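Colleague: Got a sequence here, can you build the structure:
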Amino acid sequence: MDHNLYHEDWTKLASCRSVGGDFWFPEVGEPTWMQARRICKTCPVLWQCVDWVMRTELGVGPKSRYGVTGGMTPNQRVAYEPQWLAEQAAGAA
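Modeller: This next block holds a predicted model:
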């Protein structure tokens, strides 16, 4: 999986660009999980990021997803995938 999202034009506005890469991959239970999610929640391109990560991880199991992306932890992204797929199907109709 390509975790380098900075090849997308919208990432020029992403809040995460100003924070080091390791910050987004904390160990489970570290307080940086919440800090990372707070930065994401105020990001001006949050929904582009959510769309990117959902497309990138589509069908990938929870043990193969890493870090905070789109304001969500790996387990949150797994849980959100059915809703995201339904939203994609509704948008295509």
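Colleague: Any figure for the gap between Val78 and Met72?
Modeller: Distance of Val78 to Met72, given as Cβ to Cβ, to the nearest Å: 9 Å. (C-beta placed from N, C-alpha, C; glycine too.)
Colleague: looking at it, Gly71 is touching Gln48, isn't it?
Modeller: No: judged on Cβ atoms under 8 Å, Gly71 makes no contact with Gln48 at a distance of 12.0 Å.
Colleague: between Val78 and Met72, who's got more neighbours?
Modeller: Met72 (20 against 16; other Cβ atoms under 10 Å).
Colleague: now what about the helix of greatest length in the chain, what contacts it?
Modeller: Using DSSP state H, we find that the single longest helix of the chain is helix 74-92. By Cβ atoms under 8 Å, 6 or more residues apart in numbering, the surrounding residues in contact with helix 74-92 are 50, 53-54, 57-58, 61-62, 65-67, 69-70, 72.
Colleague: Among those residues, which pair sits farthest apart?
Modeller: Pairwise distances across the contacts of helix 74-92 peak at 19.0 Å for Val50 and Gly61 (criterion: Cβ to Cβ).
Colleague: Which one of the two is surrounded by more residues?
Modeller: For Val50 versus Gly61, neighbours defined as other Cβ under 10 Å are more numerous around Val50 (19 against 9).
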